[in-house]
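Trainee: can't give you the sequence, but here's the structure:
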């Protein structure tokens with residue numbers, strides 16, 4: 001681990017703070033001895049960007065008399081890993097304890113608690129959700145699984161088809177703002193990294209070389225909802241009480257629901273059924289570390305009116321998707337250079353039924369994308385700081401029945417008598433360099449990425465960025481940044497043409513320039529973080545409808561000339577003994593003039609106001625109540641089936657979770673939309689009312 005001499009300070013001892021990456025000692029820039037864990041619901045971590053390796057540690061029992069010495073936590077995700085006290089950018093972190101205690105049904109629901117994220121569901125239980133950051137669209141962010149890009153170039157609507165369950169996730173990290181020099185294309189306005197992996201048990205008392213654990217959970221509730229899953233892990237150690245040698249984890253789950261709505265014909269049109277399986281491994285030897293994962297998700301759901309329009313009033317659509325993902329990551333030292341290569345493959349298959357079960361009315365749309373990637377991250381230390389460099393090649397291939405250019409040779413569609421007759425292939429090449437100047441109270445991180453895409457015939461283009469962080473003492477930290485980024489249009493934006501939609505295959509890449517500045521105050525009881533930012537977008541892509549055309553109006557993909565956004569985010573966290581209160585607020589204002597009668601589907605439908613309040617209240621020694629309250633006011637409009645233009649109405653949502661916890665089991669009750677609010681967050685799709693769930697989890 002890179003640690004300059006000026007960071008070597010005397011050891012501090014705390015009894016009431018844990019060894020989580022965002023805990024108090026991470027902000028002090030010192031080594032710390034800790035013995036009791038305390039968590040907060042949602043915290044801003046002082047990280048340069050999103051880390052790609054889990055940095056977790058289980059709580060230490062108060063009965064354990066020993067004291068543990070920990071180094072500063074190292075974060076990766078800028079191109080060069082830095083300790084959290086050194087790094088320049090800010091990351092929102094949801095830890096394992098937050099995930100376990102949150103009154104949510106899916107990862108998508110959990111992300112709603114992050115103040116900078118906009119989560120728009122077309123269907124609950126994670127069936128299909130659009131995730132965006134700081135007023136952007138779902139296409140403009142990058143989703144990573146353990147640092148691997150899992151975005152689908154066909155459409156971002158299905159990017160959240162994750163093979164891992166909530167029980168697999170160690171933490172979630174959200175980086176807001178352009179991140180091209182860190183992740184290349186796709187990260188136009190931010191990134192979300194989902195970290196799974198082995199349990200870091202380095203600080204537990206162990207008397208054996210092997211450890212096994214089996215977890216099982218099941219829950220059920222309203223609307224015929226049922227979910228059940230298991231997780232098995234086996235860990236081997238080099239010797240008792242020493243570091244991990246290898247670990248293997250296998251998990252699987254099944255979820256179903258009858259749905260909460262019916263179509264005009266009286267049948268259910270928002271039902272869901274799906275299964276997941278996920279395997280992950282880790283091996284550690286002298287000078288070599290390997291991580292790998294393989295995942296599968298298969299699901300089908302009633303799409304209700306998700307893609308309906310005033311011209312096409314279908315209210316019983318259906319979609320089925322299957323996703324495979326695999327990755328191998330390594331880490332080793334070659335002389336003075338640390339090398340971190342990785343190779344990955346993602347495949348996504350999609351069957352869309354415009355009229356459920358009625359291929360005679362509208363032929364089903366079939367799509368299959370295969371994405372292969374190879375990347376190398378590396379860095380070295382020298383007298384002037386830490387320098388990183390590397391490159392990535394990502395190939396995206398599509399075969400389809402309705403997207404792309406005609407294929408020279410059709411490909412048969414498995415299980416049907418039809419063929420893929422259209423397709424597209426493109427390769428994105430990127431190379432980067434970054435340097436970090438590390439002083440006792442100042443960090444400067446600057447770099448650039450060079451990008452070329454084969455499909456657009458674009459010339460190599462440079463996108464620079466710089467981050468500056470000043471931490472004058474143990475309580476205050478100030479940061480500022482300027483970053484640029486780009487995004488290639490998705491295949492759907494370029495070629496989607498069905499009833500009510502007309503795409504443009506000649507779309508230009510989106511480009512973004514952004515500035516940001518903020519400050520953080522941290523003490524043992526109170527944390528306050530505020531950030532103000534400004535985004536300036538060029539050639540922004542959106543679907544636009546000209547309602548003046550009446551029945552002939554269709555959604556057309558197009559490039560905006562400019563889109564200017566300004567925003568403010570503030571988060572305050574109060575910790576009093578075992579209780580935690582967190583309040584966050586976000587405000588966004590976008591400027592883009594549209595002619596009268598033009599309606600935007602995504603780019604100008606953003607959360608102007610978002611307020612999130614969360615509280616964790618211990619009612620007894622083993623009984624805990626978690627409350628979430630959310631208010632949001634969305635800008636923009638939608639057109640109903642009658643052709644009337646409707647404004648989005650602001651609404652309040654309340655969720656609660658009551659849990660009884662013991663060392664080896666837990667009982668819990670959850671209530672989503674406790675106030676039974678009637679609301680719409682995406683156009684023509686009504687959202688479910690009150691949803692009650694009860695469940696149990698057991699560890700063997």
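Mentor: That came through fine. None of the values given here were measured: they were computed from a predicted structure. Numbering: from 1, shown residues only.
Trainee: which phi and psi does residue 678 have?
Mentor: Residue 678 has phi and psi values of phi -90, psi 120 when expressed as degrees, to the nearest 10.
Trainee: okay, now it: neighbour count?
Mentor: 12 (other CB atoms under 10 Å). In this view, the C-beta of every residue, glycine as well, is placed from N, C-alpha and C.
Trainee: also residue 600?
Mentor: By the other CB under 10 Å criterion, the neighbourhood of residue 600 contains 22 residues.
Trainee: gap between it and residue 555?
Mentor: Shown here: residue 600 relative to residue 555, a distance of 10 Å by CB to CB, to the nearest Å.
Trainee: one more: residue 359?
Mentor: Taken as CB to CB, the span from residue 359 to residue 555 is 23 Å.
Trainee: could you look up the SS state of the nearest residue to residue 505 once chain neighbours are set aside?
Mentor: When the adjacent residues along the chain are set aside, residue 505 lies closest to residue 494, with 4.7 Å between them (CB to CB, 6 or more residues apart in numbering). Look at residue 494: counting by DSSP: H, G, I helix; E, B strand; the rest coil, its state is helix.
Trainee: neighbour-wise, which of residue 359 and residue 555 wins?
Mentor: It is residue 555, of residue 359 and residue 555, that has more neighbours when counted by other CB under 10 Å, with 21 against 12.
Trainee: residues touching the more buried one, list them.
Mentor: When the contact criterion is CB atoms under 8 Å, 6 or more residues apart in numbering, the partners of residue 555 are 309, 500-502, 543-545, 601.
Trainee: go with 6 Å
Mentor: 501, 543, 545 (CB atoms under 6 Å, 6 or more residues apart in numbering).
Trainee: tell me the bridge partners for the spatially closest residue to it that is not a sequence neighbour.
Mentor: Nearest in space to residue 555, with sequence neighbours left out and distances taken as CB to CB, 6+ apart, is residue 543 at 4.4 Å. Residue 543 has these beta-bridge partners by DSSP bridges: residue 557.
Trainee: neighbours around residue 543, how many?
Mentor: Applying the criterion other CB under 10 Å, we find 21 residues in the vicinity of residue 543.
Trainee: quick one: it from residue 558, how far?
Mentor: 8 Å.
Trainee: in stretch 371-381, which residues are buried?
Mentor: Neighbour counts over stretch 371-381 (16 or more other CB atoms under 10 Å) mark 371, 373, 375-381 as buried.
Trainee: tell me how far the closest residue to residue 382 other than its chain neighbours lies from residue 330.
Mentor: For residue 382, the nearest residue in space outside its immediate sequence neighbours is residue 336; the separation is 8.0 Å by CB to CB, 6+ apart. Distance, residue 336 to residue 330, by CB to CB: 18 Å.
Trainee: between those two, which is the more surrounded one?
Mentor: Neighbours per residue (other CB under 10 Å) separate residue 336 from residue 330, with residue 330 holding more: 16 against 9.
Trainee: still on that earlier bit, contacting residues for the residue nearest to residue 505?
Mentor: Each residue near residue 494 by CB under 6 Å, 6+ apart is listed here: 503, 505, 507.
Trainee: buried subset of those?
Mentor: Among those, the ones that count as buried by 16+ other CB under 10 Å are 503, 507.
Trainee: the longest strand in this protein is where?
Mentor: Looking across the chain with DSSP state E, the single longest strand is strand 419-438.
Trainee: so what strands line up beside that one?
Mentor: strand 385-400 (antiparallel), strand 405-412 (antiparallel), strand 442-453 (antiparallel).
Trainee: in this protein, what secondary structure element scores lowest on mean pLDDT?
Mentor: Every helix and strand of the chain was ranked by mean pLDDT, DSSP states H and E. The lowest is strand 68-70, at a mean of 31.
Trainee: what ranges do the helices span in the stretch 51-200 of the chain?
Mentor: Counting by DSSP state H, counting those that start in this stretch, residue ranges of the helices within the stretch 51-200 of the chain are 96-101, 107-111, 180-183.
Trainee: okay, these in CSV with mean neighbour count, mean pLDDT and distance to residue 144 next?
Mentor: Listed next are these as CSV, based on neighbours: other CB atoms under 10 Å; pLDDT from 0 to 100; distance: least, CB to CB, whole Å:
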stretch, mean neighbour count, mean pLDDT, distance to residue 144
helix 96-101, 20, 80, 17
helix 107-111, 22, 87, 13
helix 180-183, 29, 83, 7
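Trainee: nearest to residue 651, out of those?
Mentor: Proximity to residue 651 (CB to CB) singles out helix 107-111 among these, at 15.6 Å.
Trainee: residues making contact with that closest one?
Mentor: Surrounding helix 107-111, the residues in contact under the criterion CB under 6 Å, 6+ apart are 102, 104, 117, 119, 126, 129, 160.
Trainee: from the residues you listed, which ones fall inside strands?
Mentor: Counting by DSSP E, the contacts of helix 107-111 contribute 117, 119, 129 to strands.
Trainee: what are the boundaries of the strands in the stretch 451-600 of the chain?
Mentor: The residue ranges that make up the strands of the stretch 451-600 of the chain, judged by DSSP state E, counting those that start in this stretch, are 461-470, 476-487, 501-502, 510-522, 526-538, 541-546, 555-559, 562-576, 579-591, 598-600.
Trainee: just checking, next helix/strand downstream of the last one?
Mentor: I take that to be strand 598-600. Remark: after strand 598-600, the chain's next helix or strand is strand 607-618, criterion DSSP states H and E.
Trainee: which elements pack onto that next one?
Mentor: With contacts defined as 3 or more CB pairs under 6 Å, 6 or more residues apart in numbering; DSSP states H and E, the packing partners of strand 607-618 are strand 579-591, strand 623-634.
Trainee: buried residues, the last one. List them.
Mentor: Of the residues in strand 623-634, those with enough neighbours to count as buried (16+ other CB under 10 Å) are 624, 626-630, 632, 634.
Trainee: need those in CSV (columns: distance to residue 535 and pLDDT).
Mentor: Written out in CSV, the entries for the buried residues of strand 623-634 read as follows (distance: CB to CB, whole Å; pLDDT from 0 to 100):
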residue, distance to residue 535, pLDDT
624, 39, 93
626, 33, 93
627, 33, 94
628, 28, 94
629, 28, 96
630, 24, 96
632, 20, 96
634, 18, 95
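Trainee: JSON lines please, covering those and showing distance to residue 609.
Mentor: What follows is the buried residues of strand 623-634, written out as JSON lines (distance: CB to CB, whole Å):
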{"residue": "624", "distance to residue 609": "30"}
{"residue": "626", "distance to residue 609": "24"}
{"residue": "627", "distance to residue 609": "20"}
{"residue": "628", "distance to residue 609": "17"}
{"residue": "629", "distance to residue 609": "14"}
{"residue": "630", "distance to residue 609": "11"}
{"residue": "632", "distance to residue 609": "7"}
{"residue": "634", "distance to residue 609": "9"}
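Trainee: spatially central residue for this structure, please.
Mentor: In the chain, the residue lying closest to the centroid (CA atoms, centre = their mean) is residue 192, at 3.2 Å.
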